[in-house]
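In: Next input, structure requested:
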Amino acid sequence: MKCLWVIGLLTVAVLAGGEVLINSFSNSIILGGNLAHSTSKHSKRLIEIKSFKSLEINIPLELYIRESSVVKVELEAQSDLLDKINVHLEGDELLVDANENLIATQPIVLKMEIPHLRELKLKSVATVFVDKYCEKSLYLEVDGVVELHWSGGSIDDLFLKADGSYTLRFLDLLIKKAEVIAEGSGEIVLENVKSLNVNLSDTVTMRYGGHPKIIKKELDDLAELIKI
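Out: Numbers count the residues shown, from 1 in each chain. All right, here's what the predicted structure looks like:
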């Protein structure tokens, strides 16, 4: 092994021969040696799902969400991994996980168009893009190494619970009411919020815009709440 980095809750090791091992919690993804010479093909699989209210991500991936009147879910991964990734329903919750460590040379990508989503749980290494999505009520749970970009739309009632190492940006998104409980090492940006209830600790920095009524504010350790 050449060297080892520990970044928050994410462990990255560079092995002899140029391989990279990323391990986060009980989920891991191994990126093999020379990416430029990979011969594994990228394949797609359409997931046949009628509806779901909750989404939980338990493997490292890129997630893209758009609002639509019908449900469409598509998984992209290299061919030898596609059948090892489980996308399945448990009641009203759609779970994305795997029964074994995944050896990948290309990103795993999950794209979805959905009419409603009441819960989003990100429990691994994830990069998430949400485009012009509107919802009355959303429970968002982050517990991992997560980068989220939410652009456009509106949420009437947002409950955000975050831990780990994360950057969560809600830009051009109208939030009528937000309750945020955040710890770990994170940055949160709410660009336009009307009502705010926050409990921040550790090294969390939260920036907010608009002229919200701040119902409750609790800051512990090195946490910061900043008006933008």
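
In: any idea how the protein splits into domains?
Out: 1-34, 43-117, 127-228 (automatic domain parsing).

In: Okay, now the unreliable bits of this structure?
Out: 1-40 (pLDDT under 70).

In: before we move on, back to that, what would the domains of the chain look like in a markdown table with mean neighbour count?
Out: For every residue, glycine as well, the C-beta is placed using N, CA and C. As requested, the domains of the chain are exported to a markdown table (neighbours: other CB atoms under 10 Å):
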| stretch | mean neighbour count |
| --- | --- |
| domain 1-34 | 14 |
| domain 43-117 | 16 |
| domain 127-228 | 18 |
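
In: Tell me where the protein has helices.
Out: Assigned by DSSP state H, the helices in the chain fall at 79-82.

In: quick check: longest strand of it.
Out: strand 125-182 (DSSP state E).

In: Now residue 195: closest residue in space that isn't a chain neighbour?
Out: Setting aside the residues directly before and after it, residue 195 is nearest to residue 177 in space (CB to CB, 6 or more residues apart in numbering), at 4.3 Å.

In: Kindly report the same for residue 135.
Out: residue 155 (5.4 Å).

In: Could you do residue 110 as well?
Out: Using CB to CB, 6+ apart, the closest residue to residue 110 is residue 63 (5.1 Å).

In: what about that neighbour, distance to residue 96?
Out: Noted for residue 63: a distance of 9 Å to residue 96, by CB to CB, to the nearest Å.

In: Pull up the overlap in contacts between these two.
Out: Both residue 63 and residue 96 are in contact with 57, 110, where contact means CB atoms under 8 Å, 6 or more residues apart in numbering.

In: so how far is stretch 41-49 off the chain centroid?
Out: Distance of stretch 41-49 from its chain centroid, counting by CA atoms, centre = their mean, to the nearest Å, is 20 Å.

In: Now do the same contact list for the residue nearest to residue 110.
Out: So residue 63 contacts 57, 109-110, 112, 122, 126-129 (CB under 8 Å, 6+ apart).

In: switch to 10 Å and redo it
Out: 55, 57, 96, 108-112, 120, 122, 126-130, 146, 148 (CB atoms under 10 Å, 6 or more residues apart in numbering).

In: So what pairs up with the residue nearest to residue 195 in the strands?
Out: Note on residue 177: beta-bridge partners residue 157, judged by DSSP bridges.

In: so residue 110 touches residue 96, yeah?
Out: Yes - between residue 110 and residue 96 there is a contact at 6.4 Å, judged by CB atoms under 10 Å.

In: what residues do those two have in common as contacts?
Out: Going by CB under 10 Å, 6+ apart, residues that sit against residue 110 and also against residue 96 are 47, 55, 57, 59, 61, 63, 73, 75, 85, 87, 126.
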